[in-house]
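Enquirer: no sequence for this one, just the structure:
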């Protein structure tokens, strides 16, 4: 559903980078929409693409927002602090990913 309350119907499926996506749009209703200028700049109307497993990612985002105060802030305090202390204690403030080549590599 778009911000104007119009139901977008699936129109085509395609594969991009090995992932299956579906494109949704309703150009006919988009032309009559009152909030079209706020919704899209495309002359045809709004089109939305969704990955076939997008609902899993949406569920993770929802759970993260719901549990931010309880679990995630506590995790930052308990588990990530010791790693920072270890890193600082060994003078490893940053990691170089380029530099000395391993034997046999250039």
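Expert: Nice, I can see it. Just so it is clear, the model here is predicted, and its values are computed rather than measured.
Enquirer: I'd say residue 24 and residue 11 touch.
Expert: Yes. At 6.6 Å, residue 24 and residue 11 qualify as touching, with contact defined as C-beta atoms under 8 Å. Any C-beta I mention is one placed from the backbone N, CA and C, and that applies to glycine too.
Enquirer: name the nearest residue to the spatially most central residue of the chain, ignoring sequence neighbours.
Expert: Note on the chain: the residue nearest the mean C-alpha position is residue 57, at 7.7 Å, using C-alpha atoms, centre = their mean. Once flanking residues are discounted, residue 57 sits nearest to residue 51: 7.6 Å by C-beta to C-beta, 6 or more residues apart in numbering.
Enquirer: okay, and the beta partners of the one you found?
Expert: Taking DSSP bridges as the rule, residue 51 bridges to residue 21.
Enquirer: isn't it right next to residue 18, touching?
Expert: No. Residue 51 is not in contact with residue 18 according to C-beta under 8 Å; the separation is 11.1 Å.
Enquirer: out of the two, which sits in the busier spot?
Expert: Using other C-beta atoms under 10 Å as the criterion, residue 51 and residue 18 rank with residue 51 on top: 13 against 5.
Enquirer: helices along this structure, start to end?
Expert: Ranges of helices in the chain, per DSSP state H, are 27-30, 36-39, 54-66, 73-75, 81-89.
Enquirer: which of those helices is buried the deepest?
Expert: Most buried of these, by mean neighbour count (mean count of other C-beta atoms under 10 Å): helix 27-30, with a mean of 16.
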